[in-house]
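Enquirer: got a predicted structure here, sequence first:
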Amino acid sequence: MKRKHDNGFPARDAIVAFIRANPGKIGTREIAREFGLKNADRAELKRILRELADDGAIAKRGRKIHETALLPPTVIADITGRDTDGELLATPTEWDTEENGPAPKIRIHVPRRLQPGTAAGVGDRALLRIEKADDGEGAPYRGRIIKIIDQARTRLLGIFRKLPGGGGLLVPVDKKQAGRELNIAPTDTGGAEDGDLVSVDLVRSRGYGLASGKVKERLGSLSSEKAISLIAIHAHEIPQAFSPSALREAEAAEPATLKGREDWRELPLVTIDPPDAKDHDDAVHAAPDPDPNNKGGYIVHVAIADVAFYVRSGAALDRDALTRGNSVYFPDRVVPMLPERISNDLCSLVPGEARGALAVRLVIGPDGRKRSHSFHRVLMRSAAKLHYAQAQAAIDGRPDDLTGPLLEPILKPLYTAYALVKLARDERDPLDLDLPERKILLKPDGTVDRVIVPERLDAHRLIEEFMILANVAAAEMLEKKALPLIYRVHDEPTQEKVHNLQEFLKTLDLPFAKTGALRPSLFNRVLGQVRGEDYEPLVNEVVLRSQAQAEYSAENYGHFGLNLRRYAHFTSPIRRYADLIVHRALIRALGLGEGALPDTETLETLSEVAAQISVTERRAMKAERETADRLIAHFLADRIGATFQGRISGVTRAGLFVKLSDTGADGLIPIRTLGTEYYNYDETRHALVGSRSGAMHRLGDVVDVRLVEAAPVAGALRFELLSEGQVIPRGRKRDGAKASTRASKSHPGRSPRDKVRKPHKGKSGKAKPGKSKKGKSWKR
């Protein structure tokens, strides 16, 4: 029965339920038909839909309406204001408006008796426990504050610009603050020089003129590119300094001994890492299984640094590690989760030194499947420290002085065991996207030398598959022992995203017939069909964008990308707090001694930890990406006017984003500069289409561009398009040819009457810098 109010209009929750049941298919006309509304009722229906959109319950794409994505039970949110009743309203901190529409609002319930640390105000960031509101009115969620994560900010980060008469201006580095300069009085400069990166306290904000600020800290000069990573560190409030008590605990720590451990020092485990790795927290070994019942099988040992032995729950080291959540890796520095005494010394599995480890023994059958596993707390001694290319070269017949003696007894058994594991991996058929990652190499002075795409070797895959096996074993063991843990989860794509992908693939004449349960193999079949085609990168990118983002959760819903029912992170406790929780849980479950997970850790408390470290992980990813953007913009700043080849990496109503082929740098081509006609945004085809010519600029197209502006502080590049679009009828594949080069048809020859969509402008009248739409991570 369709529930209606007394005035004959459908209830809000009934409308949302109808939209939910028909993802990607519902517009105003369908809603009116479903609830028997007449033409005279359309205005009232549109008002109700507008209110639902304002509350974040629904979102509109083109002419279709869909329900916004559901939020998890525990979420970190920003308190943005109050409703008409004076109650606080919040929106989730991590929310993709381009994918999911407006962020849903959460009405915060404030109890009469506040718990310590839960008094919140507008501008604060808080950890909330939420649930769907059942009244069908106002905000779609209600929540209560678990704890305040961050107070409202009154400090800004920016570049100090000295004024001739004394004092200066602060130019904020945050793109959202673009054009909002602060006045710095001569007595408030703190000795800052022109071009310094500074932290400024907001003194007052007047109703007219510039707001005023006072320099709190000089962070460095932008003449050095090492200050570039400082921008991201301070902008995202990534902690750099450890507390004195944490440093004292680290310095007082003693090396692990045989007490309470098995002696694995004679087992020739080896570490295989990138050549510039700072920490070495995993080691591997493989040998044929002597068990006659497993003929042709192997035993694989994976030993992981025993971080839980040094970092005890609730101690200062633990508190600092949880605040960080993970290590953050920049081209010029690492911001570690743990002090160097722990990460680079006591827990680094360096050759020839006895080190404590938590290890798993994996029995692999001749079919590559894991037959059994067992966990052990051990004392080990690494036999060698290798890097990926070094190990691969030895297997390929080019051993060096170090790998030569290791080839027969250690490396060949590892690769044979990997060949078996790969059989099971191929049968499992996880999502197989081909998205090469670039790496920025620096000169000794910290400036950019070049950008490379490291070759993907079997050595990389070997370590990756052994780590996945160990992670699965950890999750299975803890489930068997009925202990709470933090899972690494990756949800399957939403129905709406699958529908959007289907519509896109139709434009390329690619079938995507979903029958039965959604599996990664369905996407792999599509990827296989385009392998070697000119539009292969395009399809890989669109398939990636259809995926959910991996995260941490105390509740298991599997890992779609890896096609695994249960999965946890066990293999990197030096740099990920989730792994440390799993180590402690294993110690508790198996009675392995000190450093166990306390009995006070429950599903509810681990849910809060999972939500917090999911946010810190995304914070790190964003900071790393922004720093790479700034470094490349700095690298290209003296090449204004140069031409480059690239590929369209994002299409929005504001214009085209282009990723350069040689450096991977992203830049914007504003829509107003595309030519002499009006361009329409075609969401289904991921394209901008000329209204008169039908010329199309589409995601994945190879284009030539000219660099017209570089802003190193913001990490922004602006390009001019030098290539014509292609005219492609709907339903026909592109011919794959590179777009032809042309002279730009931008401003000079434009008639004043030409219709051009303008980008959004801020209060200053300057165009807001854009940001490329990135694919979402589903990494292991």
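Expert: Sure, I can see it.
Enquirer: for residue 304, the count of nearby residues, please.
Expert: Other residues lying near residue 304 total 25 when counted by other Cβ atoms under 10 Å. C-beta here means a position set from N, CA and C on the backbone, and glycine is covered the same way.
Enquirer: for it, which three-state class applies?
Expert: Recorded secondary structure, residue 304: strand (DSSP: H, G, I helix; E, B strand; the rest coil).
Enquirer: wait, it touches residue 279, no?
Expert: No - applying Cβ atoms under 8 Å, one finds residue 304 not in contact with residue 279, separated by 11.6 Å.
Enquirer: for the chain, where's the lowest mean pLDDT among helices and strands?
Expert: The weakest-scoring helix or strand in the chain, judged by mean pLDDT, DSSP states H and E, is helix 97-100 (a mean of 65).
Enquirer: pull up the pairing partners for the helix or strand following that helix, direction included.
Expert: Proceeding N to C from helix 97-100, the next assigned helix or strand is strand 106-108, under DSSP states H and E. Partners of strand 106-108 in the sheet, by DSSP bridges, are strand 88-92 (antiparallel), strand 141-150 (parallel).
Enquirer: buried deepest among the ones you listed, which one?
Expert: The highest mean neighbour count among the strands paired with strand 106-108, using mean count of other Cβ atoms under 10 Å, belongs to strand 88-92: a mean of 22.
Enquirer: about what we covered before: of the strands paired with strand 106-108, which is nearest residue 648?
Expert: Residue 648 sits nearest to strand 88-92 of all these, at 29.6 Å, using Cβ to Cβ.
Enquirer: and residue 620, that one's in a helix?
Expert: Yes - assignment of residue 620 by three-state DSSP places it within a helix.
Enquirer: how many neighbours does the closest residue to residue 574 other than its chain neighbours have?
Expert: Using Cβ to Cβ, 6 or more residues apart in numbering and skipping residues adjacent in sequence, the residue nearest residue 574 is residue 281, 4.3 Å away. A count of nearby residues for residue 281, using other Cβ under 10 Å, gives 25.
Enquirer: I'd say residue 281 and residue 345 touch.
Expert: No - counting by Cβ under 8 Å, residue 281 sits too far from residue 345 to count as a contact (12.0 Å).
Enquirer: so what sits against both of the two?
Expert: With Cβ atoms under 8 Å, 6 or more residues apart in numbering applied, the contact sets of residue 281 and residue 345 do not overlap.
Enquirer: circling back: quick one: closest of the strands paired with strand 106-108 to residue 643.
Expert: Residue 643 lies closest, by Cβ to Cβ, to one member of the strands paired with strand 106-108: strand 88-92, at 41.4 Å.
Enquirer: alpha carbons of the closest one, as PDB, please.
Expert: C-alpha atoms of strand 88-92 as PDB (Å, rounded to 0.1, in the frame of the first residue of the first chain):
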ATOM      1  CA  LEU A  88      23.300  20.500  15.300                       C
ATOM      2  CA  LEU A  89      23.500  19.200  11.800                       C
ATOM      3  CA  ALA A  90      26.500  17.300  10.300                       C
ATOM      4  CA  THR A  91      27.600  15.700   7.000                       C
ATOM      5  CA  PRO A  92      30.100  12.900   6.600                       C
END
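Enquirer: chain center to that strand: distance?
Expert: Relative to its chain's centre, strand 88-92 lies at 22 Å (Cα atoms, centre = their mean, to the nearest Å).
Enquirer: I'd like the average pLDDT over that strand.
Expert: Here strand 88-92 scores 89 as its mean pLDDT.
Enquirer: and stretch 688-704, by the same measure?
Expert: 90.
Enquirer: what does stretch 349-359 give?
Expert: 97.
Enquirer: what about it, how long is it end to end?
Expert: Start and end residues of stretch 349-359 are separated by 13 Å (Cα to Cα, to the nearest Å).
Enquirer: hmm, who's touching it?
Expert: So stretch 349-359 is contacted by 255-256, 261, 264-265, 269, 271, 280-283, 301-306, 308-309, 346-348, 375-385, 583, 586-587, 592 (Cβ under 8 Å, 6+ apart).
Enquirer: in helices, which of those fall?
Expert: When DSSP state H is applied, the contacts of stretch 349-359 are split such that 583, 586-587 fall in helices.
Enquirer: just to revisit the earlier point, now distance to residue 391 too, for the strands paired with strand 106-108, in JSON lines please.
Expert: Putting the strands paired with strand 106-108 into JSON lines (distance: least, Cβ to Cβ, whole Å) gives the following:
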{"stretch": "strand 88-92", "distance to residue 391": "43"}
{"stretch": "strand 141-150", "distance to residue 391": "42"}
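Enquirer: quick one: closest of those strands to residue 107.
Expert: Closest among the strands paired with strand 106-108, once you apply Cβ to Cβ, is strand 141-150, at 5.0 Å.
Enquirer: for that closest one, C-alpha coordinates in CSV please.
Expert: Extracted in CSV, the C-alpha atoms of strand 141-150 (Å, rounded to 0.1, in the frame of the first residue of the first chain):
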residue,chain,number,x,y,z
TYR,A,141,20.0,10.2,9.8
ARG,A,142,20.2,10.9,13.4
GLY,A,143,23.4,10.4,15.5
ARG,A,144,25.1,10.8,18.8
ILE,A,145,28.6,12.0,19.4
ILE,A,146,31.1,9.4,20.6
LYS,A,147,34.0,11.9,20.7
ILE,A,148,35.3,15.1,19.2
ILE,A,149,38.1,14.5,16.7
ASP,A,150,38.9,18.1,15.9
